[in-house]
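> give me a model of this one.
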Amino acid sequence: MNSVAAASERTSRPYMKACSRFILGGLLAATLQVFFISPISPDILHLPPPSSSSLLPPNTHLQKVIKLGEGLLDRPEDVWVDKNGILYTATRDGWIRRLHRNGSWEDWWMVDSDALLGITITEAGNLIVCDYEKGLIKADEDGVTILTSQVNGTKIRFADDVIEASDGSLYFSVASTKFVHNWYLDVLEAKPHGQLLKYDPSLNETSIVLDGLCFPNGVALSADKDYLVFCETWKFRCQKYWLRGEDKGKTEIFVDNLPDGPDNINLAPDGSFWISLVQLTSSGFEFVHTSKTLKHLVATFPGLVARMSGVHKRATVVNVATDGKIIRSLGDPTGEVMSLVTSAVEFENHLYLASLNSNFVGKLPLYDT
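You can find the predicted model right below:
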């Protein structure tokens, strides 16, 4: 009996060694595959402290929006209202549409692009549109033209939002020079690939104002037009960039440790700012940001990237005073009516809201909030 057991043991040892080698080899191959195929070279991302969420008391104000153009609009990223009360938006099906005072929608211009993002209207009445493939676009009654598509001989990638300064220059953000078609990889990598650019129409020149920014998104001009405020989404903050005065050319923190990532920002009539916030990470996945290995793993599989992103979970906009303090917040905590609100513009005591997860523009009476 002992001899039989010994023989059996001698026979099983090579088999066990082979299995162990196969399993270890498979694990090693899988690990190398993740690291070599991974599209990112990540750093640790420090999330805002849990206490920051206490700045935003839960409410459902955004569930009361009136839906404008429902079914007509395909994921409007941004919205703008001109001095005559005409509302403009650019959508992912390539249309620039406007809503007239009488309630009629006009298909104004087709850009033949699925990459239309932030918009603004200049003092001359021209609509400026950011196209993350083409660069900076101008639309007026005569048609659509590309203003700029290169900076220092390099193609502009991921133009995100734009605003006109008092001298007619256009300042616009480039969210990421590395990740364009899957922006969430920029969040996972957590390295600064963003820029703030300036287009001078008098010289037809584009220059880099600031480099090494953390996914710069919305850009707004102060009421006195002496500084810009731009959002850095995965840094959970907004910064000032001074255009005039003794601090000209300097940056400083405007608001920090926001509970969610700031997307677009717009000046309110009283001089404060409306900032849309997006939930960057699904609840329960925050731990991934603490591990480079886990980030590599998630980034390798598109399904995991989509599962980790929390942008479709809820909607939040905040009104922030010039001192950087939050005055009030409006939300849809469950995303029942609106989620992924990317822009909020105030006009005549109403807030107009754009969303990349909707087929309408929301209109909210502020006197009810």
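
> so what's the predicted local confidence for the residue nearest the centre of the chain?
For the chain, Asp263 is the residue whose C-alpha lies nearest the centre (C-alpha atoms, centre = their mean; 4.6 Å). You'll see Asp263 listed with a pLDDT of 98.

> also the one 10 residues further on?
According to the per-residue confidence, Phe273 scores 98 in pLDDT.

> kindly report the same for the one 5 residues further on.
Looking at Val278, its pLDDT stands at 97.

> all helices of the stretch 101-250 of the chain, in order?
Listed in chain order, the helices found in the stretch 101-250 of the chain under DSSP state H, counting those that start in this stretch are 184-189.

> so the residue nearest to the centre of the chain versus Val187, what's the distance?
Asp263 sits 12 Å away from Val187 when distances are taken as C-beta to C-beta, to the nearest Å. For glycine as for every other residue, the C-beta is placed from the backbone atoms N, C-alpha and C.

> so what sits against both of these two?
Contact with both Asp263 and Val187 is made by residues Thr233, according to C-beta atoms under 8 Å, 6 or more residues apart in numbering.

> so which helix or strand takes in the residue nearest to the centre of the chain?
For Asp263, the host element (DSSP states H and E) is strand 261-267.

> what residues are up against the closest residue in space to Ser282 that isn't next to it in sequence?
The spatially closest residue to Ser282, leaving aside those adjacent along the chain, is Gly310, at 4.0 Å (C-beta to C-beta, 6 or more residues apart in numbering). For Gly310, the contact set (C-beta under 8 Å, 6+ apart) comprises Gln279, Leu280, Thr281, Ser282, Ser283, Phe285.

> Phe236 versus Gly310, what's the distance?
In terms of C-beta to C-beta, Gly310 sits 14 Å off from Phe236.

> contact partners for the closest residue in space to Leu170 that isn't next to it in sequence?
If you skip the residues right next to it in sequence, Leu170 has Tyr199 as its closest partner in space, 4.3 Å away by C-beta to C-beta, 6+ apart. Shown in contact with Tyr199 (C-beta under 8 Å, 6+ apart): Leu136, Leu147, Thr148, Ser169, Leu170, Tyr171, Phe172, Glu205, Thr206.

> narrow these to those in strands?
Taking DSSP state E as the definition of strands, the contacts of Tyr199 contribute Leu136, Leu147, Thr148, Leu170, Tyr171, Phe172, Glu205, Thr206.

> neighbours of Thr293, how many?
Thr293: 13 surrounding residues under other C-beta atoms under 10 Å.

> same deal with Thr145?
Neighbour count of Thr145, defined by other C-beta under 10 Å: 11.

> so what sits opposite it in the bridge?
Note on Thr145: beta-bridge partners Lys138, judged by DSSP bridges.

> thought it was touching Leu136?
No - in this structure Thr145 lies outside contact range of Leu136 using C-beta atoms under 8 Å: 10.0 Å.

> how about the contacts made by the nearest residue to Ala90 once chain neighbours are set aside?
Excluding its sequence neighbours, the residue lying closest to Ala90 (C-beta to C-beta, 6+ apart) is Leu116, at 3.8 Å. Residues in contact with Leu116, defined by C-beta under 8 Å, 6+ apart, are Glu77, Ala90, Thr91, Arg92, Gly94, Ile96, Val129, Cys130, Asp131.

> of all those residues, which comes closest to Gly362?
Sorting those by distance to Gly362 puts Glu77 at the head of the list, at 13.5 Å, by C-beta to C-beta.

> which residues sit in contact with the closest one?
With contacts defined as C-beta under 8 Å, 6+ apart, Glu77 is in contact with Ala90, Thr91, Arg92, Leu116, Leu117, Gly118, Thr342, Ser343, Ala354, Leu356.

> strands along the stretch 51-200 of the chain, start to end?
When secondary structure is read from DSSP state E, counting those that start in this stretch, the stretch 51-200 of the chain shows strands at 66-68, 78-81, 87-90, 95-99, 105-110, 116-121, 127-131, 135-140, 143-148, 150-151, 154-155, 159-164, 170-174, 194-200.

> direction included, what does the fourth one pair up with?
Applying DSSP bridges to the sheet, strand 95-99 is found paired with strand 87-90 (antiparallel), strand 105-110 (antiparallel).

> among these, which is nearest Ala321?
Between Ala321 and those, the shortest separation by C-beta to C-beta is 25.9 Å, and it involves strand 87-90.

> next, the buried residues of the closest one.
Residues of strand 87-90 classed as buried: Leu87, Tyr88, Thr89, Ala90 (neighbour count, 16 or more other C-beta atoms under 10 Å).

> beta-bridge partners for the first one, please?
Beta-bridge pairing of Leu87 under DSSP bridges involves Val81, Leu99.

> my read is that it contacts Val79, right?
Yes - using C-beta under 8 Å, Leu87 makes contact with Val79 at a distance of 6.4 Å.

> mutual contacts of those two, please.
Taking C-beta under 8 Å, 6+ apart as the contact rule, Leu87 and Val79 both touch Tyr352, Val361.

> okay, now the unreliable bits of the chain?
For the chain, the stretches flagged by pLDDT under 70 are 1-36.

> looking at the contacts of Tyr199, which is nearest Asn182?
Phe172 (21.2 Å).

> verify the contact between that closest one and Gly218 for me.
No - applying C-beta under 8 Å as the test, Phe172 and Gly218 come out as separate, 10.6 Å apart.
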